[in-house]
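S.K.: pasting the structure only:
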Ligand code: CA
């Protein structure tokens, strides 16, 4: 498959690449001017509306052709709150479109709104800062859907399903246990990673009285918050203010905010603004003039086209600066090209080098973008300062997400010890590991240059929850046995080098039961009900032991720098793996500051392990995890079946 477009030709690029910073609507109290990229348009008209959704334009203004394929228009006076669109005429066909750079929109994102952003700042917002400097490997990421967080009645939160639910500091469930933000703080996570919260298309914002649900991987307006998460989607400024209040409230609790960004495809290619303004510029097409589909969502964007690349860079910088966003997670990152990802890193470094960047290093289908240009996981080392998800560790822990019944290391599957070790190194590899093969017999080579380029996890919003996957793939096991596997899975993630990540509610044994499904559980619940998706805070009491275990793992990780090594060299030097034994992984981590001994027993029997010389204290075992020593050991230790044990040498 090859990309078929005139837009990649040098001549087009030289003539029509606009490099200025003023695309979109540039507001001041005295005047407002607009600049839009529409190089193939014969004319562009600016339409002004009183309302964000209905009514005729009260004014239309012909825009002036300006440099590098852009059109401009200017209005004198204060136009805050006025809605606008562009109508471009191309080959005699007129189409009305929202501004790709719109910073505010009316309900359902059909019209842009001219906005005085200074009026959208909550009190104290302009001076508030990112909570603290966080090295990527010191982060603990918590992946959460805005609506799931607060929709269940047991949440004890007002503003159910809204950004504002994050502004409530001390909410509790009926047992008096913390829910919401207080729960996150209690758990110890450093970053909340929110599923798409820019304006997406699959929820009708004018019918919010009817329950509607979507994960939100269907972008409409990239530079505007989603309206259904606000208390009033009809007035463009409200969702902006409420999103900022969410960020401010999380920052106040010391928690950073990561946005899930979905630049790889749009909700509907033909309806997308750029498709109307510059037909076929924003997307890749094949020899037969069909949209290609690396996203498996009907279209794929073209980051290799210079103005799309610029669009992504501008959009990310805008979120980082205007909304104080602390990190971005790239959906299907490999649909984008490596050059674009590196440009993004460079641009965000100008704002703050601590902004975290990570993504899915794969596509969902084939792309005309040459493989060696794709931001694939295997090329992560070519993208300094950007991390990829380690599906290697994920699938080694619990079995492939694509094979329901496949088991993993924690459920007793043999032969995965080396893949677990590879995960432990944060995908930088180790001289003691070579000729690695995963469960599909594919060769695995180190893909991260530094541990900060690897995100370790065992579950996320996609596929089954960790609990459901373990239940499905281990039908012979009872609840207590599945809990042992869950604890071991979590212990592996939080003791591995790299960046740990957990799916919201994993610590409460989150489950999505659904009798209509073959296995009794819903996997990709992107448009399921709140009943299936919401976090059930009422389950916290019965799962308090699991919650405490996750809390303890996070606390132990934070207090031991040996679990957060900064470089490949340090990992090579500090980690000494024990020889291979079926179902067992054991290793020492020796640094100047501390000496740890880590054991993962994935087998269904007790194991005796000989410790290195000296006295050790146990901090993590099958039942407990934390910063308080549980027992003292030397010589040989007994490790319970299906459990982790982490010991620290006494000084
Ligand atoms: Ca929307």
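M.R.: Cool, the structure landed. Computed from a predicted model, the values in this text were never measured in an experiment. Numbering: from 1, shown residues only.
S.K.: ok, for residue 562, nearest residue in space, not its chain neighbours?
M.R.: residue 589 (4.4 Å; C-beta to C-beta, 6 or more residues apart in numbering). Yep, even glycine has a C-beta here, placed from its N, CA and C like the rest.
S.K.: With residue 20 instead?
M.R.: Going by C-beta to C-beta, 6+ apart, residue 20 has residue 35 as its nearest residue, at 7.3 Å.
S.K.: And residue 162, by the same measure?
M.R.: Closest residue in space to residue 162, ignoring its immediate chain neighbours: residue 229 at 5.6 Å, by C-beta to C-beta, 6+ apart.
S.K.: tell me, how many neighbours does the one you found end up with?
M.R.: Number of residues near residue 229 (other C-beta atoms under 10 Å) recorded here: 26.
S.K.: quick one: the helices in the chain?
M.R.: 10-15, 146-150, 180-187, 236-252, 273-277, 306-322, 338-351, 391-398, 417-424, 466-473, 479-495, 530-533, 544-559, 568-574 (DSSP state H).
S.K.: if we can go back for a sec, can I assume the residue nearest to residue 562 is in contact with residue 563?
M.R.: Yes: contact criterion C-beta atoms under 8 Å: residue 589 and residue 563 qualify, at 7.3 Å.
S.K.: Name the residues contacting each of the two.
M.R.: Jointly contacting residue 589 and residue 563 under the rule C-beta atoms under 8 Å, 6 or more residues apart in numbering are residue 596.
S.K.: ok, now which ones touch whatever residue of the chain ends up closest to the ion?
M.R.: Proximity to the ion, evaluated over the chain using C-beta to the ion, is greatest for residue 199 at 4.4 Å. Contact partners of residue 199, counting by C-beta under 8 Å, 6+ apart, are 105, 109, 219-222, 224-227.
S.K.: mind redoing it with 6 Å?
M.R.: The contact partners of residue 199, by C-beta atoms under 6 Å, 6 or more residues apart in numbering, come to 109, 220-221, 224, 226.
S.K.: Now tabulate these in a markdown table and tack on pLDDT, neighbour count and distance to residue 539.
M.R.: Converted to a markdown table, the contacts of residue 199 look like this (pLDDT from 0 to 100; neighbours: other C-beta atoms under 10 Å; distance: C-beta to C-beta, whole Å):
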| residue | pLDDT | neighbour count | distance to residue 539 |
| --- | --- | --- | --- |
| 109 | 98 | 26 | 36 |
| 220 | 97 | 24 | 34 |
| 221 | 98 | 27 | 36 |
| 224 | 98 | 22 | 35 |
| 226 | 98 | 26 | 27 |
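S.K.: want to throw those into TSV with distance to the ion?
M.R.: Putting the contacts of residue 199 into TSV (distance: C-beta to the ion, whole Å) gives the following:
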residue	distance to the ion
109	5
220	6
221	8
224	8
226	5
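S.K.: So which of these belong to strands?
M.R.: 220-221, 224 (DSSP state E).
S.K.: burial of residue 613, as a residue count?
M.R.: 8.
S.K.: pLDDT below threshold where in the stretch 51-200 of the chain?
M.R.: Across the stretch 51-200 of the chain, not a single residue meets the criterion (pLDDT under 70).
S.K.: from the contacts of residue 199, which is closest to residue 116?
M.R.: residue 224 (15.2 Å; C-beta to C-beta).
S.K.: And the strands in the stretch 151-300 of the chain?
M.R.: In the stretch 151-300 of the chain, strands defined by DSSP state E, counting those that start in this stretch lie at 171-172, 178-179, 191-194, 198-200, 219-225, 256-261, listed in chain order.
S.K.: which one of the ones you listed lies closest to residue 336?
M.R.: Ranking those by proximity to residue 336 (C-beta to C-beta) places strand 256-261 first, at 10.5 Å.
S.K.: Which strands and helices lie in contact with the closest one?
M.R.: Judged by 3 or more C-beta pairs under 6 Å, 6 or more residues apart in numbering; DSSP states H and E, strand 256-261 is in contact with strand 191-194, strand 327-330.
S.K.: mind redoing it with 8 Å?
M.R.: strand 191-194, helix 236-252, helix 306-322, strand 327-330 (3 or more C-beta pairs under 8 Å, 6 or more residues apart in numbering; DSSP states H and E).
S.K.: Residue 447: what's it in contact with?
M.R.: If you count contacts by C-beta under 8 Å, 6+ apart, residue 447 has them with 361, 377-381, 388, 427, 453.
S.K.: I'd like to know which of those are part of strands.
M.R.: Reading strands off the contacts of residue 447 with DSSP E, I get residue 388.
S.K.: List the beta-bridge partners for residue 638.
M.R.: Going by DSSP bridges, residue 638 is paired in beta bridges with residue 608.
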